[in-house]
Structure formats: C-alpha cells, structure tokens
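J.: Test case, fold it:
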Amino acid sequence: MKFSLLHTDTKSRARAGTLETDHGVIETPIFMPVGTAGTVKAVHQRELANDVHAQIILGNTYHLYLRPGLDVISGAGGLHKFNGWNKPILTDSGGYQIFSLAAQRKLTEEGATFKSHIDGSSHFFSPESVMDIQRTIGADIVMAFDECTPYPCDYSYAKNSLSLTHRWLDRCITQFDATLPKYGYQQALFPIVQGSTFKDLRIQSAEYIASKNCFGNAIGGLSVGEPAEEMYAMTDVVTTILPTDKPRYLMGVGTPVNLLESIALGIDMFDCVMPTRNARHGLLFTQNGIINIRNEKWKNDFSVLDENGTTFVDKDYTKAYLRHLVICNELLAAQIASIHNLGMYLWLVNEARRRIMDGSFTEWKTKMVSQLAQRL
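T.: The predicted structure is shown next:
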C-alpha cells in the first residue's frame, strides 16, 4: 500500500492525495459509505460503483462476526468475494458497537465481554482476536481495537480509558505483525486516537499513535454527542500532531458541513451512516440545503431532487414522486433517496479535492457551508 500527498491548500490544511491498495486507488479526501453487515442499505453494489461513484466502503467487525459468521466469510474467500465488491473495504474493529452496548458488556484488561444484540449469547473480543477476525474478513484497511468513551465523561474516566486503548493498541500491532493476510493481498492497520474532549489527552494520544508509525491513523470518540465546535477543536489539535505523510481518518463524521470543516483541518477519510439513515426517513442533502421530502410543500413539485446540482439518480424521479413513494412506504423510496444522498456526499468530497488542487478550496468552502446547512 502507498499514500501519496499531492497538494495542500495554502489557506488551510486541506489535502488532496491518493491511497493505493491492492483493490484499487482511492482519491482523497474521500467519504466511505457504511455497509455495516456487508451491504450499504438499499443500494446495489453496481449503483455504488456507477451512480454513487464510491471508491471504498466500510464493513463492521462486530456485526459480520455475529452474522453471517467467520466460517461463511472465510468459505467465500473473504468479504470482497462474499459481497461482490471488488474495490477497497475498511472494517471498523467493533469498539464503537461494544461501547453502544454499555448495559450488556464488561471491559477488562484482557478485552471486552459482551452479549449479542441478536440472541443474547455471550462473546469475548480481545485485541488479538479482533486482529484475527479482521484478517478473516479480509478488509484492505483494518482498525485497532479501542474503547470509545461516551460524551460527556469525566477526566479520570477518559484518562484511564485512553491508557487501556493504548495498551490494547500495542497488542493489536503485535498480533497483526505476527500474522499474514489470508487472501493474497495486503492489509493495513490504523490505530485510533482517543481522549474525549480533553486537549491534553488528545495530544498525548496523538503523539502515542504517531510514534507507532502505522500506515495510517484514525481519530475516534468524536461525533458521539459533543457540540460540533468541540469536535473541530479536537480534530484541529490532533491533525497538527499526526504525520502529514499518512492518511487521517475521522471516524463517524458526519454532515456535509462537518466534512468540509474537517477537510479544512487536514482530514482525508470519513464514514457515517447519516446519508443512508436520513434517506430512509425522507431527508435529502442537496447543494442548496436539506429537504424533508415528507413535507406537503413537495407534493406538487415536479423538479428533480437537486435542481442546481448534480442528479445522481434518473432525472425522471421528481420531488413529488419521491414524496409519494416515501408516504406510501415503498421500498424504492429508500433506494432513490440513499443513492441521491451518497452521490451528494461523494460529489462533495470530489469537488473539495478538485478545489484543493486548483487553489479555490477556502473560498468555495465558505460559500458551500452556508448553503449546505439551510433547511429548504
């Protein structure tokens, strides 16, 4: 694998680069559609590639481990062959999902014991087993096992959690280095910066993660309920420390405005369920702002979904038609809205990249931030 930094904006820390994997080249900054259980909800792989123009998707270790299980994925020859996606894949380690199961899990030095949300069965993840599981799933980029701290949390909890995450990281690296990829292509390990919203802890963690000299680095524990200003402040602190010659991944972020503000701070990679989850509830992201397609005002609006922007689905699909499908709970509504929102996100990061390369990013971002946040 190889990461090449091609250009950095002169008025911000925004960067354009390429990340080369055995399953293809990723142009950064990039947004990764979330395919938690091996599929991006309501979107066919063909549509992801041809309409959305996705370059990489995300899967989740916790969910794939529970269902369909490692024996099925291994039998298929890895996740790429199982789900028919021949471009890059990243897997989250499951740390966030275990964090969300606070009432059903127990953390120790050795790892995390948790109960399945499916049938209540008990399971155990350690840093070593999570590395082995991700080797079996076969993603191109795999994440270290960490504890994601809740927001808000007190300083003492955040500090102890950070120390545990760092000790787990050392074990992840040892296990990852002691094993080989299973399917004939390379995998890369990203450690995760934690520290809640405490500046000194974020600095300590970023320095520790940077010292490990892994292929890329991630920032976790943000976008978990804190105000956007705190997320940007912590991201700003961390990106001044993480090495410039390695990709930076801000986990679980976010709105279109969040993406642009974070790109300006030097982030290269994003993922979030927001474009697809909101789509299934009738919320559309457009270049001019946010549309709640359920509203009566769209009932007789026969214009395309994004009048002044790029249309990512058939131009015959109008606001009025999509509203009709949503109100009737037709399955096609989720498909159309999801393709549109994902297409919008991928257009946004691609346009940001183009603007970084030609030197117009900062002015364009300022204009777009005010447009994207509007409720139409």
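J.: make it CA atoms for all contacts and neighbour counts henceforth
T.: Will do.
J.: ok, for residue 113, nearest residue in space, not its chain neighbours?
T.: Closest residue to residue 113 apart from its sequence neighbours, by CA to CA, 6 or more residues apart in numbering: residue 124 at 4.4 Å.
J.: Repeat that for residue 66.
T.: According to CA to CA, 6+ apart, the nearest residue to residue 66 is residue 116 (7.5 Å).
J.: Kindly confirm my reading that the residue nearest to residue 113 is in a helix.
T.: No - secondary structure of residue 124 (DSSP: H, G, I helix; E, B strand; the rest coil): strand, not part of a helix.
J.: That one touches residue 111, doesn't it?
T.: Yes - Residue 124 is within contact range of residue 111, at 7.1 Å (criterion: CA atoms under 8 Å).
J.: hang on, the earlier thing: neighbours around the residue nearest to residue 113, how many?
T.: 15 (other CA atoms under 10 Å).
J.: confidence score at it?
T.: Here the pLDDT value assigned to residue 124 is 94.
J.: same thing with residue 98?
T.: Looking at residue 98, the pLDDT reads 74.
J.: do the same with residue 248
T.: In this model, residue 248 carries a pLDDT of 98.
J.: The residue nearest to residue 101 when sequence neighbours are not counted bridge partners, please.
T.: Closest residue to residue 101 apart from its sequence neighbours, by CA to CA, 6+ apart: residue 114 at 7.6 Å. Residue 114 forms beta bridges with residue 105, residue 123, as assigned by DSSP bridges.
J.: I'd say residue 114 and residue 100 touch.
T.: No - contact criterion CA under 8 Å: residue 114 and residue 100 do not qualify, at 10.7 Å.
J.: more neighbours, these two?
T.: residue 114 (21 against 14).
J.: From residue 346, how far out is the closest residue to residue 29 other than its chain neighbours?
T.: Leaving aside its chain neighbours, residue 29 sits nearest to residue 268 (4.3 Å; criterion: CA to CA, 6+ apart). From residue 268 over to residue 346 the distance is 13 Å, taken as CA to CA, to the nearest Å.
J.: same deal with residue 305?
T.: 16 Å.
J.: Neighbour count: the two, which is higher?
T.: Taking neighbours as other CA under 10 Å, residue 305 and residue 346 compare with residue 305 leading, 29 against 21.
J.: quick one, what contacts that one?
T.: By CA atoms under 8 Å, 6 or more residues apart in numbering, the contact set of residue 305 is 286, 311, 317, 318, 319.
J.: Which of those residues fall in strands?
T.: Here DSSP state E is the test, and those give residue 286 as lying in strands.
J.: on that earlier part again, pretty sure the residue nearest to residue 29 is touching residue 26, no?
T.: No - in this structure residue 268 lies outside contact range of residue 26 using CA under 8 Å: 10.5 Å.
J.: the more surrounded of the two?
T.: residue 268 (28 against 19).
J.: Buried residues, the helix or strand of the chain at the bottom of the mean pLDDT ranking. List them.
T.: Lowest by mean pLDDT, DSSP states H and E among the helices and strands of the chain is helix 95-100, with a mean of 74. Neighbour-count burial for helix 95-100, counted by 16 or more other CA atoms under 10 Å, picks out 95, 96, 97, 98, 99.
J.: Closest one of those residues to residue 44?
T.: residue 97 (24.7 Å; CA to CA).
J.: what about the nearest residue to the closest one once chain neighbours are set aside, neighbour count?
T.: Leaving out its chain neighbours, the residue that sits closest to residue 97 by CA to CA, 6+ apart is residue 62, at 6.9 Å. Other residues near residue 62 number 24, with proximity taken as other CA under 10 Å.
J.: now swap in the one 3 residues further on and tell me
T.: Using other CA under 10 Å, residue 65 has 20 other residues around it.
J.: ok, now how distant is it from residue 186?
T.: 21 Å.
J.: so where's the stretch 51-200 of the chain shaky on pLDDT?
T.: 102-103 (pLDDT under 70).
J.: can you do 80?
T.: 95-104 (pLDDT under 80).
J.: In it, what residue spans correspond to strands?
T.: If you assign secondary structure with DSSP state E, counting those that start in this stretch, the strands in the stretch 51-200 of the chain sit at 57-60, 89-92, 105-107, 112-115, 122-125, 141-143, 188-190, 192-193.
J.: so which of those gets nearest residue 208?
T.: Using CA to CA, the strands of the stretch 51-200 of the chain put strand 192-193 closest to residue 208, at 8.5 Å.
J.: residues in contact with the closest one?
T.: 143, 144, 146, 202, 205, 206, 209, 217, 218, 219, 220.
J.: Just the pLDDT at the fourth one, thanks.
T.: For residue 202, the model assigns a pLDDT of 98.
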